[in-house]
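**Student:** no sequence on hand, only this structure:
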């Protein structure tokens, strides 16, 4: 599959990447190569191959959830150690934005 310059520019914009003309050409080639490989993989017959969740055979290592009471001292320490705050509010980077670039 071929990628046009416009396709790569759109992908870069969505990924918030700033790329120059030389990088644009390289990304066109790289993306085409990756999708070519994926198309080749689509030709494989996987009907008799069982599905699996983890290639490494890992096991769940999560601890059980336990509800605990939080005391004022723990909360105060957490707030004090946060990098940016206003009073008792923690300032974090915006996840959603109305900006269009």
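**Tutor:** Received it, and whenever you're ready, just let me know what you need. Please read these numbers as outputs of a predicted model, since none were measured by experiment.
**Student:** tell me, what residue is most central in this protein?
**Tutor:** Per C-alpha atoms, centre = their mean, the C-alpha nearest to the average position across the chain is that of residue 15, at 10.2 Å.
**Student:** what helices and strands are in contact with the longest helix seen in the chain?
**Tutor:** In the chain, with assignment by DSSP state H, the single longest helix is helix 21-42. The contact analysis (3 or more C-beta pairs under 8 Å, 6 or more residues apart in numbering; DSSP states H and E) places helix 21-42 against helix 5-14. For the C-beta atoms, the positions are set from N, CA and C on the backbone; glycine is no exception.
**Student:** from the chain's centroid, how far away is the helix it packs on?
**Tutor:** Distance of helix 5-14 from the chain centroid (C-alpha atoms, centre = their mean, to the nearest Å) equals 18 Å.
**Student:** just the pLDDT at the residue nearest to the centre of the chain, thanks.
**Tutor:** According to the predicted model, the pLDDT of residue 15 comes to 91.
**Student:** from residue 31, how far out is it?
**Tutor:** Applying C-beta to C-beta, to the nearest Å, one obtains 12 Å for the distance of residue 15 from residue 31.
**Student:** could you do residue 63 as well?
**Tutor:** 41 Å.
**Student:** which of these two has more neighbours?
**Tutor:** Residue environment comparison for residue 63 versus residue 31 gives the larger neighbour count to residue 31, 16 against 6, counting by other C-beta atoms under 10 Å.
**Student:** residues in contact with that one?
**Tutor:** Counting by C-beta atoms under 8 Å, 6 or more residues apart in numbering, residue 31 touches 3, 7, 8, 11.
**Student:** how about the longest helix of the chain: buried residues?
**Tutor:** Residues of helix 21-42 classed as buried under the neighbour-count rule (16 or more other C-beta atoms under 10 Å) are 27, 28, 31.
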